[in-house]
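Asks: have a look at this prediction, sequence included:
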Amino acid sequence: MLLAACLVLAAAPAAANGSSGGAAWGESLVGERFVYEVRRGDSLGGIAARHGTGAALIARDNAIGPRQGLKPGQQLMLETRHIVPQSNGDGITINVPQRMLFHFEGGALRTAYPVTAGRPDWQTPLGPFTVVNRQTDKPWFVPKSIQEEMRQQGKPVLTRVEPGPDNPLGRHWIGLSMPAIGIHGTNAPTSIYALRSHGCVRMHPDDVADLFERVRVGDAGRIVYHPALLAGLPDGRVFVEVHLDAYRRSGKPIDALRALAAERGIESRVDWLRVAEIVAARDGVAREVTLPEALPAATPLSTPTANPTGALAQ
């Protein structure tokens with residue numbers, strides 16, 4: 001089964017508009033903490049890919065051993081909360097380390113989806129873009145560099161793949177103003193929520209079909225690179241989310257988070273020992289770090305996070 005589809009000729013330099021490095025600020029979360037009932041044919045990897053969380057995290061949180069299979073009807077606790085990076089306006093924001101795409105419309109977050117972006121040796125470029133085309137059932141014209149990769153791996157060398165089940169672009173293509181880059185579906189849904197593409201942004205077929213209907217040619221967007229995120233919620237709580245710096249573009253997350261907290265005037269409300277634990281774990285979900293004494297008396301730390309947009313798109 002073909003998985004890769006796009007081509008980036010070289011790793012893009014960090015954009016001058018703050019798209020790379022540092023920590024991103026947010027004021028809301030998306031996703032939730034919930035119980036998932038295992039269905040026939042489910043796997044940890046497939047569940048994780050669909051819900052935007054890590055398979056290892058699901059296994060750890062549910063005490064599942066490395067050789068232990070899943071059973072239909074089994075209940076799993078899933079943690080899928082992510083910090084929504086503050087947007088400069090309507091359109092699409094993709095945070096590569098977070099492996100999340102956020103769509104803003106009318107000044108508010110409308111949807112959020114897990115995605116796959118470029119692998120470390122074939123990085124997704126950063127910076128602003130516009131949507132330049134929307135196509136369904138687009139043939140895949142295989143770039144020469146990917147043909148060479150096929151040759152080196154001993155696979156049949158393809159030059160064109162017609163629409164259908166073998167086409168790694170899936171049914172929907174959203175072309176971007178960045179050269180050779182698009183947002184598209186996939187014929188391998190379990191490959192989502194990773195860094196493994198040839199530069200394009202890959203989505204679950206249902207998610208890209210939903211996004212396809214929401215965007216129009218000329219819509220703006222940006223691709224950013226923030227492994228660390230800090231959120232101050234309206235109720236006074238503070239959350240931190242930290243991911244691996246797979247592209248090696250950022251400094252120490254703890255330093256970036258401290259600087260951002262100081263800039264936002266919330267440094268004294270943060271449990272920095274807890275932040276250090278989150279930085280060490282880098283498990284990619286939003287974790288609360290509010291000091292108990294920093295909260296109003298009526299706000300218990302265990303209160304689930306309100307999510308104004310609902311869970312991740314299903």
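Replies: Structure received.

Asks: for the stretch 201-314 of the chain, just list every one of the helices.
Replies: Secondary structure of the stretch 201-314 of the chain (DSSP state H, counting those that start in this stretch): helices located at 205-214, 253-264, 272-281.

Asks: oh sorry, the question was meant for the stretch 51-200 of the chain
Replies: Using DSSP H, counting those that start in this stretch, helices in the stretch 51-200 of the chain cover 55-61, 144-152.

Asks: unless I'm mixing things up, residue 184 is touching residue 200, no?
Replies: Yes - between residue 184 and residue 200 there is a contact under Cβ atoms under 8 Å: 6.1 Å. For glycine as for every other residue, the C-beta is placed from the backbone atoms N, C-alpha and C.

Asks: the closest residue to residue 214 other than its chain neighbours pairs with what?
Replies: Nearest non-adjacent residue to residue 214, counting by Cβ to Cβ, 6 or more residues apart in numbering: residue 103, 6.0 Å away. Residues in a beta bridge with residue 103, per DSSP bridges, are residue 92, residue 111.

Asks: how much space between residue 103 and residue 241?
Replies: Noted for residue 103: a distance of 19 Å to residue 241, by Cβ to Cβ, to the nearest Å.

Asks: same question, residue 250
Replies: 14 Å.

Asks: so which of these two has more stuff around it?
Replies: When neighbours are counted by other Cβ atoms under 10 Å, residue 250 and residue 241 differ, and residue 241 comes out ahead with 31 against 20.

Asks: I'd say the more buried one and residue 83 touch.
Replies: Yes - the pair residue 241 / residue 83 is scored as a contact, 4.7 Å apart, by Cβ under 8 Å.

Asks: need the residues touching each of the two.
Replies: Taking Cβ atoms under 8 Å, 6 or more residues apart in numbering as the criterion, residue 241 and residue 83 both touch 229, 231, 286.

Asks: out of those residues, who's nearest residue 279?
Replies: residue 229 (11.8 Å; Cβ to Cβ).

Asks: one step back: nearest to residue 30, of the helices of the stretch 51-200 of the chain?
Replies: helix 55-61 (16.9 Å).

Asks: contacts for that closest one next, please.
Replies: Contacts for helix 55-61 (Cβ under 8 Å, 6+ apart): 44-45, 47-48, 64-66, 76-79, 283-285.

Asks: can you check stretch 201-219 too?
Replies: With Cβ under 8 Å, 6+ apart, stretch 201-219 has contacts from 5, 49-50, 90-92, 94, 101, 103, 105, 110-111, 113-117, 124, 130-134, 136, 170-172, 174, 181-186, 189, 191-192, 223, 313-314.

Asks: got a PyMOL select line for the buried ones in the residues you listed?
Replies: In PyMOL, this line selects whichever of these come out buried by 16 or more other Cβ atoms under 10 Å:
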select buried, resi 5+49+50+91+92+94+101+103+111+113+114+115+116+117+124+131+134+170+171+172+174+181+182+183+184+185+186+189+191+192+223+313
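
Asks: residue 183 pairs with what?
Replies: Bridge pairing for residue 183 - DSSP bridges - gives residue 174, residue 201.

Asks: and it, how close does it get to residue 175?
Replies: Distance from residue 183 to residue 175, by Cβ to Cβ: 8 Å.

Asks: quick check: mean pLDDT of stretch 280-295?
Replies: Mean pLDDT, computed over stretch 280-295, is 93.

Asks: buried ones in that stretch?
Replies: Result for stretch 280-295 [16+ other Cβ under 10 Å]: buried residues 282, 283, 284, 285, 286, 287, 288, 289, 290, 295.

Asks: which pair of those spans the longest distance?
Replies: 282 and 295 (25.9 Å).

Asks: residue 249 is in contact with residue 225, isn't it?
Replies: Yes - taking contacts as Cβ under 8 Å, residue 249 lies within contact range of residue 225: 5.5 Å.

Asks: who has more neighbours out of those two?
Replies: With neighbours defined as other Cβ under 10 Å, residue 249 and residue 225 compare such that residue 225 has more, 28 against 19.

Asks: that older thread, rebuild the contacts of helix 55-61 as a markdown table, extending it with distance to residue 210.
Replies: Below are the contacts of helix 55-61 laid out as a markdown table (distance: Cβ to Cβ, whole Å):
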| residue | distance to residue 210 |
| --- | --- |
| 44 | 25 |
| 45 | 22 |
| 47 | 20 |
| 48 | 20 |
| 64 | 30 |
| 65 | 36 |
| 66 | 35 |
| 76 | 25 |
| 77 | 26 |
| 78 | 21 |
| 79 | 23 |
| 283 | 27 |
| 284 | 23 |
| 285 | 23 |
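
Asks: looking at these, which is nearest residue 256?
Replies: residue 284 (16.1 Å).
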